[in-house]
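**Student:** after the sequence you'll find the predicted model.
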Amino acid sequence: MNVATGGIYLIGFAFSLLVGRWATQRVLATIPTETAHYSAELLGLVEATIYTTAWLLGREVFIPVWLGLKVSGNWRAPVDWHRHVAGLWNRRG
């Protein structure tokens with residue numbers, strides 16, 4: 001990769017993060033919220049950086065892996081999950 005190509009990638013990277021951040025803030029400003037937490041904004045900025053970097057490095061497969069880890073980390077099984085599973089099992093026959 002030469003300097004010109006690297007510069008174009010750097011400009012695209014900055015555009016992705018800055019314009020993406022600006023657009024996200026504009027949309028979120030229209031949605032009423034009770035609390036605004038800085039950690040959610042920080043996480044959004046970090047994730048945008050990770051996703052853009054993964055895309056530029058040709059490692060797009062990392063994006064769904066990260067989303068899967070994020071969802072599984074917050075997963076909560078229902079308190080009565082055993083009744084639900086038993087109900088599904090009994091309907092089979």
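**Tutor:** Okay, I see it. The structure presented is a predicted model; accordingly, all values stated were derived computationally and were not measured. Residues are numbered from 1 along each chain as shown.
**Student:** can you list phi and psi of residue 53 for me?
**Tutor:** Backbone torsions of residue 53, given as degrees, to the nearest 10, read phi -60, psi -40.
**Student:** mind listing what it touches?
**Tutor:** residue 13 (Cβ atoms under 8 Å, 6 or more residues apart in numbering). The way it works is simple: take the backbone N, C-alpha and C, and place the C-beta from them, glycine included.
**Student:** roughly how far does it sit from residue 46?
**Tutor:** For residue 53, the distance to residue 46 equals 11 Å [Cβ to Cβ, to the nearest Å].
**Student:** can I get stretch 20-30 in CSV, CA atoms only?
**Tutor:** C-alpha atoms of stretch 20-30 as CSV (Å, rounded to 0.1, in the frame of the first residue of the first chain):
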residue,chain,number,x,y,z
GLY,A,20,-21.4,8.2,11.6
ARG,A,21,-21.2,9.8,15.0
TRP,A,22,-22.8,13.0,13.8
ALA,A,23,-25.7,11.2,12.2
THR,A,24,-26.2,9.0,15.2
GLN,A,25,-26.4,12.0,17.5
ARG,A,26,-28.9,13.7,15.3
VAL,A,27,-31.2,10.7,15.3
LEU,A,28,-30.8,10.0,19.0
ALA,A,29,-31.6,13.7,19.8
THR,A,30,-35.1,13.1,18.4
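**Student:** got a list of contacts for that stretch?
**Tutor:** So stretch 20-30 is contacted by 44-45, 48 (Cβ under 8 Å, 6+ apart).
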